[in-house]
Each structure stands twice: as C-alpha cells, then as structure tokens.
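# I need the structure of the sequence given here:
(chains A, B, C and D)
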4 protein chains.
Amino acid sequence: MAMVCVSDFEAYAKKYLPKIAWDYFAAGADDCTTRDENILAYKRIRFRPRMLRDVSVMDIRTKILGSEISFPVGIAPTGFHQLAWPDGEKSTARAARAMGTCYIASTYSTCTLEEISAAAPGGLRWFQLYIHRNRAVSQQLVQRAEALGFQGLVLTADLPYTGKRRDDVRNGFRLPPHMKLKNLEGAFEGDDCSEYGLPPNSLDPSVTWNDIYWLRSLTRLPIIIKGILTREDAELAVKHGVQGIIVSNHGGRQLDEGPATIDALVEVVEAVQGRVEVYVDGGIRKGSDVLKALALGAKCVFIGRPALWGLAYKGEEGLQNVLRILQDEFRLSMALAGCASVSEIGPHLVQPSKL
Amino acid sequence: MAMVCVSDFEAYAKKYLPKIAWDYFAAGADDCTTRDENILAYKRIRFRPRMLRDVSVMDIRTKILGSEISFPVGIAPTGFHQLAWPDGEKSTARAARAMGTCYIASTYSTCTLEEISAAAPGGLRWFQLYIHRNRAVSQQLVQRAEALGFQGLVLTADLPYTGKRRDDVRNGFRLPPHMKLKNLEGAFEGDDCSEYGLPPNSLDPSVTWNDIYWLRSLTRLPIIIKGILTREDAELAVKHGVQGIIVSNHGGRQLDEGPATIDALVEVVEAVQGRVEVYVDGGIRKGSDVLKALALGAKCVFIGRPALWGLAYKGEEGLQNVLRILQDEFRLSMALAGCASVSEIGPHLVQPSKL
Amino acid sequence: MAMVCVSDFEAYAKKYLPKIAWDYFAAGADDCTTRDENILAYKRIRFRPRMLRDVSVMDIRTKILGSEISFPVGIAPTGFHQLAWPDGEKSTARAARAMGTCYIASTYSTCTLEEISAAAPGGLRWFQLYIHRNRAVSQQLVQRAEALGFQGLVLTADLPYTGKRRDDVRNGFRLPPHMKLKNLEGAFEGDDCSEYGLPPNSLDPSVTWNDIYWLRSLTRLPIIIKGILTREDAELAVKHGVQGIIVSNHGGRQLDEGPATIDALVEVVEAVQGRVEVYVDGGIRKGSDVLKALALGAKCVFIGRPALWGLAYKGEEGLQNVLRILQDEFRLSMALAGCASVSEIGPHLVQPSKL
Amino acid sequence: MAMVCVSDFEAYAKKYLPKIAWDYFAAGADDCTTRDENILAYKRIRFRPRMLRDVSVMDIRTKILGSEISFPVGIAPTGFHQLAWPDGEKSTARAARAMGTCYIASTYSTCTLEEISAAAPGGLRWFQLYIHRNRAVSQQLVQRAEALGFQGLVLTADLPYTGKRRDDVRNGFRLPPHMKLKNLEGAFEGDDCSEYGLPPNSLDPSVTWNDIYWLRSLTRLPIIIKGILTREDAELAVKHGVQGIIVSNHGGRQLDEGPATIDALVEVVEAVQGRVEVYVDGGIRKGSDVLKALALGAKCVFIGRPALWGLAYKGEEGLQNVLRILQDEFRLSMALAGCASVSEIGPHLVQPSKL
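This is a model prediction of the structure:
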C-alpha cells in the first residue's frame, strides 16, 4: 500500500493498532462533534490563489519563539507513545529532530524526559505540563525539563477534569502493565492508580490565571498556554505574560461542541494583535490546512493524531514520512497559491466560510 | 453492554420494548421533523469555553419556583409509564426523589396520583393537566393533586387535538387491557374509549387564556404553562399571571415543523425578561445540552423520552442511571466551560448557530 | 397496508403502476433538482404556532374567484389520467366534486371535456389550455369548455417546448395505443403523432403576453395564468388583466433549477399586492404544507402528482382518500397553530428559512 | 444504453476506459474538493425564468475574439487524448469543426499540431501553452501554432508545479510506451522522462506577469490567460494586455479547496468590466450550466472531461454526441428561461446562492 497522504497512515493505524489503543487515540468527547468539526471547518475555507508569481525558489522555514524550524508544523503533545510504537517518545524525538521541527513532549510520556533528550540531542523540544494537586510533582517536572534543555513550557489549560470519551469508558481503558507514566514514577507511590495509570483526581482543578505567576517563578522558560478558544481568554493570557498561545480544543477530547480550532484561531489572533505568537492544533490533515492556518494568523501548527499514526506505521521513520508528506504538500500549496516564502502568506489568501 | 450515555438507554429500549410501546414513545407528528430538529438544534450551538477558572468545588444545585433541586434536570410529563416498566409512575416518582429532582406527573398516568404520592413521600412533584370538556373532571384532578402535596400545576397548552402520529395510526395504538388511565377512572364511564383509553374528543379545544383565571380560582398552586413557542404567547402567559413557562413542542408530537425548543427558548426568554421562570424540554440527550439551555436562559430542563428509556431499562434504578449520567455530564461540561456554579452560567458561554 | 398519509399513496403507485407510467408522472427535467426542491423548500419553513385560542369550531372553507370550495386544495392540471386509472379524468372529476373542490382539467386529457362534465355535473371545474400553432384548435377548445360550464381558463405559460425528462426519453414514452388525447382528436389528422400522441412541435412557442388579449376576445371566463415565478412576470400578468396567477414550475418538469414554488410564491404575492388571486402548486404533500402556502399568501393550492397517486390507488375513491387526508391534516395543522378559520391564517404563522 | 445526457458518457467512460486512464482524467488534487465543488456550485444557483416571450426562433450563436461559433461551448485543453481514443486529438479537432466550435489544443497532445491542423482544416483552434524552463521549446511551439493557423494562444497560469493527484501517484501514472507527447519530441532528448513523459521539472515555475510581454514579442496571436480566480489577478491580466481570461481551476487538479469556477467568475467579471472577454471552464455538465455561466458574464464556456468521455465513447462521433446534447439542452434552457438569442441572456436570469 502506497503511503501517499496522511489519511493513508490513519487507515493503517486503524487496521494494525490494538483496538483499545486506536480507540484511545481516536477518541473525542461525547458525540465527537468537535473532533470532527476540527476537520470539517478547514474544508469550509476557500483559498484565493494568486497566479504568475515567481515560485521557483521556495522558502518554507519559519521561527517559533526565536528558534528556526524547517517548516511550520510541529508535534503536539500527546500521551502514551508506546501504545503506538515500542520505542515510544524516543522515536518521536528522533523524527522531529530529523525533520528539523519542534516536539512538545507530554507529561504523560511513556519515556522519561531524560530518555527523550538523550534520544535526539540538540533537537528543539518544549515540555507540556499538567498541574497536579501535589504541586511539588509539577515543580520538579518543570525544573527537570529546563535542566534537560527543553526550550518552552506548554501549560495545558483545558483539562481540569478529563473529558468523557465514551469508547475509553466502554473499553475500560488502562495502560498495559508494561507501560508506565515514567515521568511520574514514584510521585504517587502507594496510591491506587485507576485513571490512565495515575491516582484518580491527581490533576488540580483549582488552577487559575494566577498560577501562571507561580510557573514563572519556577523557570526562565517561555510559557505557552494551550487550550485557549476565546478572545477573552486570549486577552487574559497576554495580560498574564505568556509568550505564546496554542489555540486548541484538545483534539475534541475535552468539552464537546466547542468551536473548531481554525474558527477560534481567527478570534484569538484578532484579540492578540501580534503581542504574542499564536499556534493552533486540531484537524490538520493536509499541507493546505497548514497554509490556511498560517493565512489566518497562526505562526505554526502542531499535529497530534497524525504523528501517532506515523509512529504506528513505522516508528521514527513513519513519523518522518508523515512530516515529509505535510512538508511537501505545504510547499506545493504555497506555490500553487502564489507564495514563495512563509512571509508572503496572509489573510488575502483565504475567504472564510459563509457558514 | 455498558450504559455510558443516554443513547445507550435508547438503544436498549428500542431493542427490548414491544414495538407498539416503542413506537408510541418515539412517535413524532407527521414527518417527525420537529422531533428530530429538537436534537439537531442543540448540535448547531457552539460553546465558548473559558479556561483557568477554579472549578475544584462544583455546585450544580438550582431552585425552581423556590424548591431546591440537586441539578437543573427534571422529569417532563409523559403518559403510560407502565408501557415501559410494570411499576409505572411509582418507579418514576421514586427515582426522581432519589436523585433530588422534580417529577411532573401526567394526567395520563397509569398509576393514580395517590399511588404516585405514596411511592415517594416528600418528593418534589408537579401535576400536569389537560382540560377536559367535562370541566368537573379537570377540577377534581387539580384539587386532588393539591391535596396530595403536588407543588405546581402544569397546564399543557399545545394539545387542543392530538397530533397525527403515523405509526400510532398504523399500529392502531391502544393501551393494553390491563392498563388504565387510572386518574380518570370513572370519569367517563359508559363512554366508548377509543383514543388512548379515553372517549374520543374528551379534551376541550375551546380552552383560551381566560381559562388560566378559572384554574387560578381552583387552586393556590403555582401555574406553569407548557407548550409556548413564541414571544407573543410568552407575553400573554406573563400577562395572565402564570408563574412559569415550559418552552415545549410536546416532543415534536403535535404540530410538525414548528421550531426546535432550544431555538424558541431564546425568543421566549427575551420576551419574558425574567418576570417568570422559563424551562425547556425536548431534545436533551447530554449534560452539555443542559448547559446550553441554561446558558440561553432556561432555569431548568425537563426530560421526556430519556426518562422512559431509563424506566424501560430497569425501572426506578434505570431512571436513576439516566439522571446520574446527565448529572455527571452536566457537572463536567460546566467545569470544562469554566463554571463552578450554576449562577456563573450565562449567554457568554455559547455562540448561537449562524443557520 | 394502511393509507395514512399522502406518501403511502406514492409508494403504492410506484409499486403498482407500469414503470413507463410511473416514470412519466414522476419525471422532472434534467437532474430533477427543482422537482425535489419543491418539497424540500417546504421543510425549511418553520411555523410559529399560537396556543390557547378557541379552536373548537373549525372553518376550513375558502373561495376562489368567488366560488366556495370545502378547503383550499384543488386538483392541478395533469395529463393522461387513464395511465393511472381506466376511467381517467371522469374519476378525477367525480372525486373533486365529492370533496367540494375545484378540478382543473388538462388539455391533454384522455377523456373529452364533455365526458368530464357529464361525469360530475355541477362540479367546479377550470380548463387548462395550451396554445397550439393551429390557433383554431385552441379557440375551439376554449369555447367548448365555456359552453360546458367550466368556470375558469388556465393558461399554461411555461411550456413553449417540452422540458427534457430523461426517463421519458430512455423509455421512449408514448401513450398506449388504446388511449387518445381525446380533446384533440381530429385536430391534427394526417400528421405523424410522435410526441405524447401529438404531432411534433404542435404547441406555439411564439406566444407572448399579447395573446392574453386574444384569449380574452374568445371567452368571458376568468383567465388564470399558470407558471409564473418572478415578480416581473407577476406584474405583467396583472397588467394584462388576468384574474389569477398559479405560481408553478410545472412540477419541476420544465426548466430545471428554477426556484421552488413556495419560495417564488413570496415574491409573487409581494408584487401582486392583492390585485389578483395567487395560487401555488408543486411539493404539497401534507396538510401543513397547505397551511404554509396560505400563510405566505396563497389563496389555494393545487396538487398534481398526489392526485394521480390517489387515482392509481383506487380511482375516484382513492383520490377522495388523498383529498380527505389533506383536508384532515390541514384542519388539524390549523388548529394546532391556533387558527379556527382560514381568515386567521397569515404571515405571522411562519418564519421563513434563513437559507 | 441510450446516451441521453452528459453523465451517460461519464458512466460509459468509467466502465470502458482502462482504470489508469480513467483515474488520470478523473483525478482532482488532494481530496478532490474543488473538482466536486465546480459541479455543486452550479447546483446552488437558481434561475429566474421569464414566461410568454416569443421563443419560436432561437439564435444560440456567439462570437469569441471575433470568430463565430455555433453555440457558446468550446473544448478546453486537456492532455493525452489517445488515452481516450486511438486517433486522439485528430478526432477532437474533427468533432469541434463539425459542430462549429473552438478547440483549444493542449501542449500535451499525443498528436502533433500539424496532424491536428491537417485533420480538420479550417476549424477554429487555439493553442494552449505551458512555459518550459527551456524557453526555446515554448517559443518554437508558439510559432508553429501561429504558422499552422491557430487563432489564439492560451497561457496556462496555474501550473508552476503539478498538483498532487493521489490516484496518479498510487497508479504510478505514465503514458503507455506507444504514446508520445508528440509536440515535444526531440525537445528534451537524452533526459529521463519521469513525469507524464517529460523530464521532471521541465516547466518553469519562475514565470511572472512580465512573461506576457515576452509572449507578445513572439506572436501576433491574441493571448488568453487560463487559471485566473481572483479580481486582483483579473486586473493584472487586463493591465498586461491579454485579450481574454479563462476562469479555471484546472478542473480541480491543481490547488485543492480554491473556489468553484462559477463562483470565481462573478468576481472576475465584476473586475474586468467588459475590457476583455471572460470564459470559464470546470463543472459544466448540462446545457443549463452554460446558461448560468453566460448569465453571470461568461462569453463562452469550455468543457474538459465531458469531451474526453465523448471521445472514449466513440471518438469524433462520440464527442459530437456530447456537444450536440449540450447544444440542444442549452437551446431548450434558453427558451424555457425566456431568451430567444444569446444577447438576451443576463444577470437578471439567475439568483445567486445564499450560501
């Protein structure tokens, strides 16, 4: 089977992953409306392509928080990569470095931050953080990440509680016994680990904007807040001094029937007015989706499930395949829309949906 | 089979209820457009969820007409509960009390009001009334309900005649001989009971707003009018002194191709301007639907078919299961939208459909 | 099989009619978009039903051009009723009279006007006219109709040429040899009758508005023009002195992808401003469709295919069944919307589609 | 099987062409969204047909750049006609001449321009040009075409690189060995011809608007630019002195999720304000589509895939069949909309989609 586009990897993963793992990665909250809307919303946006512009030399590089990446697609934080490939997050780190882009490692990795760092020294990596009720756990993670050379701290804001993913409930989803949330080993010893290998209710639902100041006190890393969907929260994020915002609905896994991320992006970009960088994840399946996101103001996009499908296909190599496809498609879309470099991309390239 | 969400109960009921009972509960008028629109209209509404608000302590209680309920979901009046479960409305009453919410008992119950009261003493109950041509019948029912401790009188306004439900006509729907409209036993003796166990045309199609004054003369109970769909009628309801309005289209069983109730709710709330409480029924299938209804101004929602599916599954226990699922989903949706108490819910949480 | 709604008759006709006859009656032009839009457009309109209005005494009668009919549904002109039932248009005439409504007999009837008149003396009938290249043929038809007591002359304006109905082309549709266009027998003797039993190109495509004056010179009957879809043509119709307009797209059989008739009705009614009566045909399948059409300004609707399905089911009796169903559904819809008489129906009852 | 409408030819071609050829002709870029939108966008446009206008004498002729054609449908440039029929472009040329319309021969023909000219002397033909990195190749083609009597030069502007057509990648699409890009034989000798029989990257992606001046210096032929989709580029085209614009998205084969051509036409026509002729291709399947395109300002439409389906059916004769069907349908649509000649067609005939 030729692997021609990202959905080929999706079909492969659906066929070859254990059902419980596929279901976990695929899951959306409730009716999966938002998960699916993330994709449909891209399809409603039309390009306004420009012709006869010299596109013989294409430059698709960009920078995020000052670091150059080879093209504006990074790896969003997702958990449990060993469910997709035995080497887990180590493969992810290697593929991201090989492709010259950024990997946001999840708190819920099945490899330690140390293993991830060692697997791909010099790669650009950010660390994704959940704040636990036991704040010492989170503090230690942040400081480990900074010490290991992670260059950004991504605070997930949309998971005070875990969304209701029906298939996981039906499957009684648990990590297989030979996998561990390795970054948290020892942190919750003696507890009964019922939810995803963690004690129930280990995350802190009392986190507020003031905790940004607490994080700031722990680290010199730039703070990126992930999960913002409204102009009001974008304004608060800027006001509390974050360096970046990832417009995200957690892949449609938290509150169902919130907006598609590409729709929310427009509102957030408008509110932020360039004061901080804005990124987006959710629903990216083609290079042209990346072009739309950049046209609407994103500095870079991050892919979640497509990265997992790549891992499921062939580990590091499979994820490189996925990234390369998106890179080639993005470059081609840019050229066909009349842009030779990322700096030429702008809102004139798209007409938003009338719906 | 795990019962994870309300539609699991629907699937169960469809499989295990006698076809004639399933069809009766499922029926909508004509093409069932409005019945289905009630659900689809919720799906068109998008949340605007807010992040990083302290949701560690959740308060989902509310009050309706001064009585506290454990969460803003009550049981709408529906007929013939023995079609779903042998104990009929007695089970319904017990489940509602156990879950700390309000049960609106129907005139067309297969248990007497006395049995319902005795089954769950102290539970919060309202009584739903149809006005019969023989006004003495209705008067006696109202006064029995008040004497038994029912705390509200719900007048159904949208059934001067019964809607055309094709499947019921095809099935020749009748109550099985061992079931009776027990509250009306004796009221129509000697008549030929052809329609749902009642004499044909027993309801009074000449009822007008002035009959609210007649009802008021019969009872000190607050009067709630059910079936309002326009601002004009909402205004009339307030003017005639009702205490509450249930925005309802009778589950799509009366006039087909009227508005979805969640769409009509917006118009009614705007007209009423807080002068009386407004509730809504129809199409509620998830906790997030409840959150949307409250965001758009409902004080509480009522569930019809989902309650019957719960009864069909396991009587009192099954209905408790359904209510518990809605309660858990509602609490989670609130938290994920950034609300810690019902008082924080407001129109800022939703963006209405552009359609 | 219980015949509960109009679509039951459609299903019956599809099953029992010869394929060539079913296809002929069902045919729309080209992709059948407009044929189907006629129905879909009704579904996009929502009622605004009013409650608690005395609907104990219902009056559903109306008048068209001064003649009372029992309810505002007449029989639109369609050809070749013997394809549906052996007695053909005689059965149609009898059913219309029995139900107290108007029957518009087609030029292309398989019974003579004399037979139709004799079948149901005293019934209210209009005569539908095509203008032939041989004007004497048309003149003679008009004068025969007037002499026989037909009370209106309906000029079809939308068929300068026959629309392209793919299935008829594929089937090589022809009338069976034992059926004749009896009103035209002798008129085209000696010609080769290749199209629907007529010589090819027998209709006159040079007809213009001035021919209304020619028709006026032939008869004292009121002239109703059928096939108007725009405000411009509605204005011209009034200016040329017609007494009525039937908003029609010929059941979607002529120009495909014109507007649904219920959408065009709004525009025509607005242009006409009550100067002449406006009727509509196309897409009526339920009593509530009739209510919508009247709410949007139609004085009466006419049914085409549903009448043929009734004939196909049981001739006169079957058509009466169809009319009775529409009558009962219309009365019920009116009551559930809060109207006790046709005079209470108005635009306040509907909210037009946002699409 | 009766060949009644254009989609009958599509069905035939799908059944009888080799899969690799069908896939190549059918292919759209990426998800084929734009390919399909080209068709769907026509369906969203509604006519406003006018009645009772004398349509007894129909005149469907028009002129493009001064040359009369029998009706406003020409043959768009498409490659590799021998994949559809052994005689390839010679059959196409003969059919176009027989039907009195214009054929735009592609650079990527499987017959030489000389063979095409000889096959149908005197026919109206334009030549479609890609600009190669080796400019001498393109210059020689232009001058050959002019010498052979081609009357227009169509510059394709939307293919700096080839779009990603997944099925072609999966099939490893190549011309069969016995077919050649005959117009380019010798031009790239010694090169490895991997892409469609050409050396990879033979087209010049550095072409800009200034190259219009270069083309102008090579030939006295009028220049038509193909692939314009925005008002900005339409303005540039006029400014750089082209004689015509073909609004086109290359059949949805280049940038996916650009606008449907009929939607882009409106914008381009508005910008051009009659200064040059505007044509459109993509999605034409019925005569009424042609009428819509003319109503929205196109001087003529061009068909791509339908021509190939005609060839696949029966070569020259099959393509004539397709053209004749479109001609008959166009004439009928005009008449049913109330237009007797092309000059009466205008924007008053359509209501654009509300979507």
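
# CA atoms for contacts and neighbours, from now on please.
OK.

# for chain A, what lies in contact range of chain B?
Residues of chain A lying near chain B by C-alpha under 8 Å from any C-alpha of the partner chain: A:157-161, A:163-164, A:166, A:169-170, A:204-209, A:227-230, A:233, A:254-259, A:355.

# one more time with 7 Å
For chain A, the residues in contact with chain B (C-alpha under 7 Å from any C-alpha of the partner chain) are A:157-158, A:160, A:166, A:170, A:205-209, A:228-230, A:233, A:255, A:257-259, A:355.

# how about the helices in the stretch 201-350 of chain A?
Ranges of helices within the stretch 201-350 of chain A are A:210-218, A:231-239, A:261-272, A:287-295, A:305-337, based on DSSP state H, counting those that start in this stretch.

# which residues sit against the second one?
Right, the one you point to is helix A:231-239. When contacts are defined by C-alpha atoms under 7 Å, 6 or more residues apart in numbering or on different chains, helix A:231-239 is touched by residues A:Ile228, A:Glu267, A:Val268, A:Ala271, A:Val272, A:Val276, B:Arg50, B:Met51.

# now do the contacts for the last one.
B:Met51 makes contacts with A:Ala157, A:Asp158, A:Ile228, A:Asp233, B:Gly338, as judged by C-alpha under 7 Å, 6+ apart.

# show me which of the residues you listed is closest to D:Ala26.
Lowest distance from D:Ala26 to the contacts of B:Met51 (C-alpha to C-alpha) belongs to A:Ile228, with 41.6 Å.

# local confidence estimate at that closest one?
Note on A:Ile228: pLDDT of 98.

# so it bridges to which residues?
Applying DSSP bridges to A:Ile228 gives these bridge partners: A:Val247.

# mind exporting stretch A:42-60 as CSV, just the C-alpha atoms?
Provided in CSV are the C-alpha atoms of stretch A:42-60 (Å, rounded to 0.1, in the frame of the first residue of the first chain):
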residue,chain,number,x,y,z
TYR,A,42,-10.9,23.5,7.3
LYS,A,43,-12.9,22.2,4.4
ARG,A,44,-15.2,25.2,4.6
ILE,A,45,-12.4,27.7,4.0
ARG,A,46,-11.6,28.6,0.4
PHE,A,47,-8.3,29.8,-1.0
ARG,A,48,-7.9,32.8,-3.2
PRO,A,49,-4.9,31.7,-5.1
ARG,A,50,-2.7,34.1,-7.0
MET,A,51,-1.1,33.3,-10.3
LEU,A,52,2.2,34.1,-12.2
ARG,A,53,4.3,34.9,-9.2
ASP,A,54,7.8,33.5,-9.3
VAL,A,55,7.7,30.4,-7.1
SER,A,56,10.9,28.8,-8.4
VAL,A,57,12.7,29.2,-5.1
MET,A,58,10.6,28.2,-2.2
ASP,A,59,11.4,29.0,1.4
ILE,A,60,9.1,27.3,3.9
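
# next one: stretch A:273-293 to chain centre, how far?
Computed by C-alpha atoms, centre = their mean, to the nearest Å, the chain-centroid distance of stretch A:273-293 equals 11 Å.

# span of it from start to end?
16 Å (C-alpha to C-alpha, to the nearest Å).

# what's it in contact with?
Contacts of stretch A:273-293 (C-alpha under 7 Å, 6+ apart): A:6, A:38-39, A:42, A:238, A:243-248, A:251, A:261-262, A:265, A:269, A:298-303, A:326-327, A:329-330, A:333-334, A:350.

# looking at the stretch 101-250 of chain A, which residue is nearest chain C?
A:Thr230 (26.3 Å; C-alpha to the nearest C-alpha).

# what is the neighbour count of that residue?
22 (other C-alpha atoms under 10 Å in any protein chain shown).
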